[in-house]
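1. here is my input; please provide its structure:
(chains A and B)
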2 protein chains.
Amino acid sequence: MSAYADLQRVMNTAADLGAAAAVLGWDQETYMPDGSVSGRADQLATLSGLVHETVTGEKATAIAERVRAEYATYEERKRRVAAMFLRDFDNAKKLPGEHVEDMARTASMAQDAWKRARAASDFTIFQPLLEKIVDLKRREAELLGPAEHPYDNLLDQFEPGLTVASVTPVFDELRAGTVELIRSIAEVQGRVSDDVLYRSYPPVQQKQTATSIISALGFDLSLGRVDLSAHPFCTNFGNKDVRLTTRIREYDLRSCLFGLIHEAGHGMYEQGIADDLNRTSAGGGASMGIHESQSLFWENVIARSEEFWTWAFPILQKQFPDQLADQTVRSFYQAINVMRPSLNRVESDELTYNLHIILRFEIERELIAGSLSVKDIPDVWNEKMQTSLGVVPPNDAEGCLQDVHWSFGGIGYFPSYSLGKLYAAMEWNTMQQDIPDVRNKIASGDFAPILSWLREKIHTHGRTEFPHEIVQRVCGRPLTAKDFLDYVGGKARDVYGF
Amino acid sequence: MSAYADLQRVMNTAADLGAAAAVLGWDQETYMPDGSVSGRADQLATLSGLVHETVTGEKATAIAERVRAEYATYEERKRRVAAMFLRDFDNAKKLPGEHVEDMARTASMAQDAWKRARAASDFTIFQPLLEKIVDLKRREAELLGPAEHPYDNLLDQFEPGLTVASVTPVFDELRAGTVELIRSIAEVQGRVSDDVLYRSYPPVQQKQTATSIISALGFDLSLGRVDLSAHPFCTNFGNKDVRLTTRIREYDLRSCLFGLIHEAGHGMYEQGIADDLNRTSAGGGASMGIHESQSLFWENVIARSEEFWTWAFPILQKQFPDQLADQTVRSFYQAINVMRPSLNRVESDELTYNLHIILRFEIERELIAGSLSVKDIPDVWNEKMQTSLGVVPPNDAEGCLQDVHWSFGGIGYFPSYSLGKLYAAMEWNTMQQDIPDVRNKIASGDFAPILSWLREKIHTHGRTEFPHEIVQRVCGRPLTAKDFLDYVGGKARDVYGF
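-> Numbering: from 1, shown residues only, chains lettered A, B, ... in the order given. Presented below is the predicted three-dimensional model:
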């Protein structure tokens, strides 16, 4: 009998345990009482240990070897699924169960500490747990085997194949182009006002509007939800239960609206993965970078275009007639595309965003290399903010405590965001060739052809391919920063008129 | 080395997996999108299978045998915890993993079907799944070994030691006394009006008031939550995360208020269990009957007393001044103690309630004996309602579809409710001896001595004792229906003045 049926059972168990852990994680961020964090940490550690045991235990090891022996005889689809299992298996085998459980327990405590630290704007509350996380991740990088740079093994967990050496020239080109554009814009910054975004927008209506917009884009609310949390995220338990969260700020229209469109981009990706990949090693996104290409595609390429607001502005104006009385589609489009250095990554614009990422990339790289101590993060953060963006956070909450990622051990994650921007721009160029009147469709609120294109080209394939295979298949060429710089440069010139 | 440390690890893993399944169950009833039920069923089946494997697999079996050999050498506390593990182990060993997984999967689908059946008031939607559940439970009864009556093995799962033979005389006495009281009340029913309960009470304020009342009683909201669901329940993930749900009916003040006090009674029990029992086989309530004695103690003995409303009525009147303008403490106390046969178990009064239970007890007993078919339930239900309570439901939603229990496989659960009433009356008599001025304390809103008494006598012990041991230790005598009949008879005479 083929080992594949046995493999399927292993994958199903691992996927179900992973889904259970994800439900517990969602609950922790949305509804769990504050006093329950320690019990939840135990539960997550146990689940995490069992996933590890399921995927790397004796039974799984025997099955993996049988699968490896049969591998060449499988038809294409099975072979691709099995390949992803074996990749995970080989990586997981390198990490002892205690390490995995320790990481899960630490992450759960650290998320709580991060929340408290952020509320108190006091990095020292988070520091001891982040130190533990960095130690664990350095150990993890070592355990994963030799690499040119120890950070490579962590990057690879989010973007298979990505290395410090390969990403550096791309980020260099990106940084150079960005800095040049920022310089050009600085001279004409006064031409565009974004005051409209900071008027009073009642929270309930903000959530209502944002939710109806993501529904129009194609996020299926009968197989998903929207809740509130400190930091927006998307999580899913198979392709039939996809949960988004958002945060609402009465005096910042962008936070809920664009945050939710971003998360819905992740969500539509997960909702679009083929049913037969559910509960297998290929039943998720291909990589964090590809995932971000979807969220950023919807958030920026679509929802920050003038065509989009041709359709959406009347909807928004109906909800907020007083606040938007002095606006036109054009002025609103300009307001949401102001490009100006700021403190917050999530709320920064398409252009300066990448400098936030490069800053985090450098800090992570040095933390993992051992050339930076956790206790020095606030100083280094503020220094780098000054040098690269010319602004300095007044406190840690608005500085190095703004992101949730480190608290769950997501070191190596941040570069994905910028890769996502680069992929999205490449996808957009290809889509415009495939759907010549796509801009008209957006202007008329007809997003179905766009979602169909993404479904067919990207979503349905789940994790059956590596990111570079997807980019090559969809766009016909490898990763480059050129498409993005052209796209964002074009938009900057349009918005500011230079 | 002692086997106890190994046992502790097994118990911790099983408890964490059980907690994870409970979180998924809570989520399914509160926030999960309707379309996600099938994936959730897979996840719950996997968790359930893993609990079974954890508790009965090769490793656990070897540990159980070592524990059994060492057992007599343990100090008291450890011995009691180990005894509960061994009891569960021996029972679980009798149930094959496939049976457990099948039950979990069926229950998850059945809960969804039950919801749809109830909404459509169409038993046939639920019928095929209930048939599957009854088949599985009959099989389970068989697997659990020889018994005088096959239903005994299912009763034992909720109330260890309870049998058809032992409960019948108690229920007979209870039924006889109840029927006699109902007859006496029927003659003077017109003396008391409960119209006040069915005025318009805005849902948001209902939830607010009920929540503030359970907080005053002693339910710790920093280690718990209140949400909405179709059927009220209490679930918990350790003693530091206890979740209650309620349902709100604008035109029925009782549903949310007394429902939530009931669930809070369960919740305070779980919150009061000693920390060292967390994540062990003794880290829960002693039995369903003892659990119900806590929920019914707060719901009925406390919150349906005249003393309670001496304190609570001004609070309620402040929230609903117009609706309660024509009421006094006395008239309100009478209204909430109207004793009158009705259709709905949850909303029925203290007295007639037990007839609802005896009806379900008989149906379950015959289903498991094989002398009643699932398809005949609606007819038999309506017939028995006519005979015992003199009222007939106009449809299945208000009849045999009103309770969630069968949909999750909880056959054998219902008798616990009546046992809970009997235990609660016994506890109340003992408490009045131990705290002579307890009625004054209630009238002044000082519930701390009551909660302390319950904590010390019952809660803190968790599941270190069997129900009959607890009743004997706390009340100094075994189970009887007499205390309850005296209590409820006294109240009936007070309310109706006969």
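
2. ok, and the closest non-adjacent residue to the closest residue to chain B within the stretch 301-450 of chain A?
-> Among residues of the stretch 301-450 of chain A, the one nearest chain B by Cβ to the nearest Cβ turns out to be A:Phe408. It sits 17.8 Å away. For every residue, glycine as well, the C-beta is placed using N, CA and C. Leaving aside its chain neighbours, A:Phe408 sits nearest to A:Ala107 (4.7 Å; criterion: Cβ to Cβ, 6 or more residues apart in numbering or on different chains).

3. that neighbour: neighbour count?
-> A:Ala107 has 25 neighbouring residues, counting by other Cβ atoms under 10 Å in any protein chain shown.

4. that's a helix at it, yeah?
-> Yes. With DSSP: H, G, I helix; E, B strand; the rest coil as the criterion, A:Ala107 is assigned to a helix.

5. quickly find the element holding the most centrally placed residue in chain A.
-> By Cα atoms, centre = their mean, chain A has its centre lying nearest to A:Glu292, at 4.7 Å. Of the helices and strands defined by DSSP states H and E, A:Glu292 is found in helix A:288-296.

6. just the C-alpha atoms of that helix, please, in PDB.
-> As requested, C-alpha coordinates have been extracted for helix A:288-296 and formatted as PDB (Å, rounded to 0.1, in the frame of the first residue of the first chain):
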ATOM      1  CA  MET A 288       4.900  35.200   3.700                       C
ATOM      2  CA  GLY A 289       6.200  37.400   0.800                       C
ATOM      3  CA  ILE A 290       3.600  35.900  -1.500                       C
ATOM      4  CA  HIS A 291       1.000  36.400   1.200                       C
ATOM      5  CA  GLU A 292       2.000  40.000   1.600                       C
ATOM      6  CA  SER A 293       1.800  40.500  -2.200                       C
ATOM      7  CA  GLN A 294      -1.900  39.700  -1.800                       C
ATOM      8  CA  SER A 295      -2.600  41.900   1.100                       C
ATOM      9  CA  LEU A 296      -0.600  44.800  -0.300                       C
END
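
7. just checking, what packs against that helix?
-> helix A:253-271, helix A:415-434, helix A:467-475 (3 or more Cβ pairs under 8 Å, 6 or more residues apart in numbering or on different chains; DSSP states H and E).

8. now what about it, what contacts it?
-> Counting by Cβ atoms under 8 Å, 6 or more residues apart in numbering or on different chains, helix A:288-296 makes contact with A:158-159, A:162, A:234, A:262-266, A:268-269, A:285, A:413, A:415-417, A:419-421, A:423-424, A:427, A:454, A:458-459, A:467, A:470, all of which sit outside it.

9. do that again at 7 Å, thanks
-> For helix A:288-296, contacts defined as Cβ atoms under 7 Å, 6 or more residues apart in numbering or on different chains pick out A:158-159, A:262-263, A:265-266, A:268-269, A:285, A:413, A:416-417, A:419-421, A:423-424, A:427, A:454, A:458, A:467, A:470.

10. now the angle between helix A:467-475 and the helix or strand where A:Ala492 lies, please.
-> Taking DSSP H and E as the criterion, A:Ala492 maps to helix A:482-496. Per axes from the mean of the first three to the mean of the last three Cα atoms, to 10 degrees, the angle that helix A:482-496 makes with helix A:467-475 is 60 degrees.

11. can you give me the strands for chain A?
-> Under the criterion DSSP state E, chain A carries strands at the ranges A:224-228, A:234-236, A:242-246.

12. between those strands, which one is closest to B:Val179.
-> When the strands of chain A are ranked by proximity to B:Val179, the top entry is strand A:224-228, at 48.9 Å, counting by Cβ to Cβ.

13. who touches the closest one?
-> Residues external to strand A:224-228 that are found in contact with it (Cβ under 7 Å, 6+ apart): A:30, A:211, A:241-248, A:260, A:267, A:271, B:31, B:33.

14. if you set the cut-off to 8 Å instead, what comes out?
-> A:30-31, A:207, A:210-211, A:214, A:241-248, A:260, A:267, A:271, B:31, B:33.

15. report the angle between the axes of the helix holding A:Glu292 and helix A:467-475?
-> An angle of 40 degrees separates the directions of helix A:288-296 and helix A:467-475 when computed by the same axes, to 10 degrees.
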